[in-house]
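>>> Any chance you could fold what I've pasted below:
(chains A and B)
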2 protein chains.
Amino acid sequence: MEIQQLVRELKIKNDSKIVLLVADGLGGLPLEPGGPTELEAAKTPNLDALAKIGTLGNSIPILPGITPGSGPGHLGLFGYDPLKFLIGRGALEATGVGFNLGPKDVAVRCNFVTLDAAGNITDRRAGRIPSEESAPLAIKLREIKISGIEIFVEPVKEHRFCVIFRGEGLGGSVADTDPQKTGVPPLDPHAHNAESQKTAEIAKQFVAQAEKLLKGQPKANGLTLRGFAKAPALPSYEDVYGLKAAAIAVYPMYKGLAQLVGMDLVGKPTTLAEEIDVLAKAWNDYDFFFVHFKYTDSRGEDGNFAEKAKMIEQFDAVVPRVMALNPTVLAVTGDHSTPAKMKGHSWHAVPVLIAGQNVRTDACQSFGETECLKGGLGQFQAMYLMPLLLAHADRLGKFGA
Amino acid sequence: MEIQQLVRELKIKNDSKIVLLVADGLGGLPLEPGGPTELEAAKTPNLDALAKIGTLGNSIPILPGITPGSGPGHLGLFGYDPLKFLIGRGALEATGVGFNLGPKDVAVRCNFVTLDAAGNITDRRAGRIPSEESAPLAIKLREIKISGIEIFVEPVKEHRFCVIFRGEGLGGSVADTDPQKTGVPPLDPHAHNAESQKTAEIAKQFVAQAEKLLKGQPKANGLTLRGFAKAPALPSYEDVYGLKAAAIAVYPMYKGLAQLVGMDLVGKPTTLAEEIDVLAKAWNDYDFFFVHFKYTDSRGEDGNFAEKAKMIEQFDAVVPRVMALNPTVLAVTGDHSTPAKMKGHSWHAVPVLIAGQNVRTDACQSFGETECLKGGLGQFQAMYLMPLLLAHADRLGKFGA
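Residues are numbered from 1 along each chain as shown, chains lettered A, B, ... in the order given. Okay, the predicted model is just below:
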């Protein structure tokens, strides 16, 4: 039996409150061997105090050595095996711009391209057209009409935009139309299976109409379609955990990921402080709260060790406001590591802290990567965090008598 | 390849002796953050001495956050994936009263209920009838005869008793007859599949005869049947490990679980001291000895921290007698945690100690939850303990050349 099925069968409802505070890309690396990581360099008196009365560990986002993107990283934290529940590229792109995918939708990542008079691609990224120029063109494509189909076009960035086809009988298995080289025309959309035949036909009509609308554009006069995907069929938090769950996030990607597992988006916060305001306001309406803080990851991606440490300090500073709400169980972790030294996501284990009732305290005195190695939670796959949180909240019954 | 199949293929026979000492519900929790657990508070000079010359770790009974009952907890310790080998409720109940289930048996958990004149249930637990009154009624039901079927009726406790039907062609998939409410009659036994049709028929006859025998009883004049189950098809210790295994336990549940994996029950001990007498007496006749100590769990369930610590001290006190037998490998652990603070089983990792030849000693100086976090065995699923014990006993060959 799989863990999610087991949890589904053992779940118990009660009036406990669980908070999952995610500092994106929390884990880091020392700049010098033996030096502190960003988290260890940051002054985090509030998290350190929780470390003393809580229990620590390290989570492996996917499997050892595997660096996750935001999608699989969060699915793991949410308790969904990221190697079983795959989010197609198109679906992730749509989610990333805040589009709430439904069951009749097929999402596609699109590139503007430059075509010559013969219709061959001369630039696969439309001369890296700036967003200010490409966004109005993407919006212009909203004029396209195809009978029986709703079409949504969303600008993304530079040459990238996103299209969602909504209608009956649209399969998600269509090959990319990007030929991966210049001097040839885009490929025709080709269905991988019978259920996706209609999708391929519609995509073809979409391209034809788009090329008419884009005719005469100097850079972006054509398009390629990639990563056709339906939304993944994810069981909901209510179904698996019996939790009424709220997502509190600033960035569309994380809101979108939370919606995929059936969390409600609450509030429209634009800062961490506002996120905590929203948390406090929604406190009585939900069992579970996912609060996402982006800037630890951003400064890690920038390669700015000192600024990432500063973001961690900002994150630490709101912890007392969360504790004042008296959560039954609080977890603090990240979806992956983003070491400033590497300027990107990494596979390194992510520090985890659980505080609340029934924790078995350990010898840990502060919250940091090395200290977490002494923690009672040991090293575990991120997908087991949710069962641990439910257990601490008395929300899981006994397996077998 | 699954671990049990791997072990089956790699097993080697020799004259080593392995002892698995199980203190039920051994793991605990501190009463205050940072305080000692029951095991840490107990004076355990003998286990501490073994910790210095052995290696420690923590075992996860099932998966993180999952609290096991006795059945899955012991199956894991015995090396059987508890999520693969499921013991049905009826089978566990029969096992718990010491009934040795065979392959032709279907076991059923039964409740005495109170019926009104119209045959509707007025009390689903027969007024919580005391065991002194219910046991004679259960035994009276042994008069029931059904052609071609052997019937065993075993009292359990209060309104609960257990029935085993033995015969050819009895499937175990029959729905519960408990309607889960009062004011309606018990449901008829309904087979979930064709193989269980005969079982359902027999169950119906059993109920009809039972109601006649119980007619006029003020509280227990009816019955409901739940958790129909055949014994799980567990490969034996001999088959998987090549071990001739002895089980030494006081309580029927643990004797029963050991029998399900093909261990011989030896002796009839009633105390821990007598269990060790039995161990010494059987020493030359077996390769493997499972010795079960119940009272650590019992005092944990009572919520009595000090008494649980005292039981751990009693357990510690017999360790020198076990070591005097000179086992090749000794393991000391529990099947799950039963923190006095929680008055019940929990999901927390369980301390493990292995002493004997070829152990890689670690920095651990005493036997306790926090110390175990430094241990060489790390944190591992309980089902891997048996391969570790076999390995230390030189009973597993090399995998691949």
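>>> residue ranges for the strands of chain A, please.
A:18-23, A:55-60, A:105-115, A:121-123, A:150-157, A:160-166, A:222-230, A:245-248, A:264-265, A:288-293, A:329-333, A:350-356, A:378-381, A:398-399 (DSSP state E).
>>> What is the last one packed up against?
So that's strand A:398-399. helix A:3-10, strand B:67-68 (3 or more CB pairs under 8 Å, 6 or more residues apart in numbering or on different chains; DSSP states H and E). From N, CA and C alone the C-beta is placed, and that goes for glycine too.
>>> now the last one, how far from the chain's geometric center?
Going by CA atoms, centre = their mean, to the nearest Å, the spacing between the C-alpha centre of strand B:67-68 and its chain's C-alpha centre is 12 Å.
>>> Now do that strand: everything it contacts.
If you take CB atoms under 8 Å, 6 or more residues apart in numbering or on different chains as the criterion, strand B:67-68 is touched by A:391, A:396-400, B:61-62, B:76, B:82, B:335-336, B:344-347.
>>> Which one (most neighbours) among the residues you listed?
Highest neighbour count within the contacts of strand B:67-68, by other CB atoms under 10 Å in any protein chain shown: residue B:336, with 35 neighbours.
>>> Check whether that one really touches residue B:23, as I assumed.
No: in this structure, residue B:336 is not within contact of residue B:23 by CB atoms under 8 Å, at 10.9 Å.
>>> Let me have the strands of chain A in TSV, extended by mean pLDDT.
Shown next, in TSV, are the strands of chain A (pLDDT from 0 to 100):
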stretch	mean pLDDT
strand A:18-23	98
strand A:55-60	98
strand A:105-115	97
strand A:121-123	97
strand A:150-157	96
strand A:160-166	97
strand A:222-230	97
strand A:245-248	98
strand A:264-265	95
strand A:288-293	98
strand A:329-333	98
strand A:350-356	98
strand A:378-381	96
strand A:398-399	96
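>>> Would you mark the buried spots in stretch A:204-217?
A:204, A:206, A:207, A:209, A:210, A:211, A:214, A:217 (16 or more other CB atoms under 10 Å in any protein chain shown).
>>> Please provide the alpha-carbon coordinates for that stretch, formatted as CSV.
C-alpha atoms of stretch A:204-217 as CSV (Å, rounded to 0.1, in the frame of the first residue of the first chain):
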residue,chain,number,x,y,z
LYS,A,204,-3.1,23.5,-36.1
GLN,A,205,-6.0,26.0,-36.6
PHE,A,206,-4.6,28.1,-33.7
VAL,A,207,-1.2,28.4,-35.4
ALA,A,208,-2.8,29.2,-38.8
GLN,A,209,-4.9,32.0,-37.3
ALA,A,210,-2.0,33.3,-35.2
GLU,A,211,0.3,33.5,-38.2
LYS,A,212,-2.3,35.7,-39.9
LEU,A,213,-2.5,38.0,-36.9
LEU,A,214,1.3,38.2,-36.6
LYS,A,215,1.9,38.8,-40.3
GLY,A,216,4.3,41.7,-40.9
GLN,A,217,5.7,41.6,-37.3
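>>> can you give me how far that stretch is from the chain middle?
That offset, for stretch A:204-217, works out to 32 Å (CA atoms, centre = their mean).
>>> same thing with stretch A:168-180?
Counting by CA atoms, centre = their mean, stretch A:168-180 comes out at 23 Å from the chain centroid.
>>> At the contact with chain B, which residues of the stretch 51-200 of chain A appear?
Within the stretch 51-200 of chain A, the positions near chain B by CB under 8 Å from any CB of the partner chain are A:52, A:53, A:54.
>>> Please enumerate the helices of the stretch 251-400 of chain A.
A:252-260, A:272-282, A:295-302, A:305-317, A:319-324, A:369-372, A:385-392 (DSSP state H, counting those that start in this stretch).
>>> which of those helices sits most buried?
Sort the helices of the stretch 251-400 of chain A by mean neighbour count, taking mean count of other CB atoms under 10 Å in any protein chain shown, and helix A:385-392 sits at the top with a mean of 26.
>>> I'd like the distance between residue A:58 and chain B.
Distance, residue A:58 to chain B, using CB to the nearest CB, to the nearest Å: 11 Å.
>>> what residues are up against that residue?
A:349, A:350, A:351, A:352, A:369, A:372, A:373, A:375, A:377, A:378, A:379, A:380.
>>> ok, now how distant is the closest residue to it other than its chain neighbours from chain B?
Excluding the flanking residues, the one nearest residue A:58 by CB to CB, 6 or more residues apart in numbering or on different chains is residue A:349, at 3.7 Å. Relative to chain B, residue A:349 is positioned 13 Å away (CB to the nearest CB).
>>> Contact partners for residue A:349?
By CB under 8 Å, 6+ apart, the residues touching residue A:349 are A:27, A:58, A:59, A:60, A:337, A:369, A:372, A:379.
>>> What does the pLDDT read for it?
Model confidence at residue A:349, given as pLDDT, is 98.
>>> what's the answer for residue A:401, then?
On the pLDDT scale, residue A:401 is placed at 77.
>>> Check residue A:375 too.
The model's pLDDT for residue A:375 equals 98.
>>> I'd assumed residue A:362 was in contact with it.
Yes: using CB under 8 Å, residue A:375 is in contact with residue A:362, at 5.3 Å.
>>> Identify the contacts common to those two.
Counting by CB under 8 Å, 6+ apart, the residues touching both residue A:375 and residue A:362 are A:55, A:56, B:373.
>>> and the residue in the stretch 101-250 of chain A positioned nearest to chain B, how many neighbours?
Using CB to the nearest CB, residue A:241 is the residue of the stretch 101-250 of chain A that sits closest to chain B, at 11.2 Å. Neighbour count of residue A:241, defined by other CB under 10 Å: 28.
>>> who touches it in this structure?
Going by CB under 8 Å, 6+ apart, residue A:241 touches A:7, A:8, A:11, A:79, A:288, A:386, A:390, A:395.
>>> nearest residue to the last one other than its sequence neighbours?
The shortest distance from residue A:395 to any residue that is not its chain neighbour, by CB to CB, 6+ apart, is 5.2 Å, and that residue is residue A:12.
>>> same thing with the second one?
Using CB to CB, 6+ apart and skipping the chain neighbours, the partner closest in space to residue A:8 is residue A:240 (5.2 Å).
>>> can you tell me which residues contact the one you found?
With contact set as CB under 8 Å, 6+ apart, residue A:240 has these partners: A:4, A:7, A:8, A:11, A:79.
>>> Quick check: residue A:345 touching residue A:69?
Yes: in this structure, residue A:345 is within contact of residue A:69 by CB under 8 Å, at 6.9 Å.
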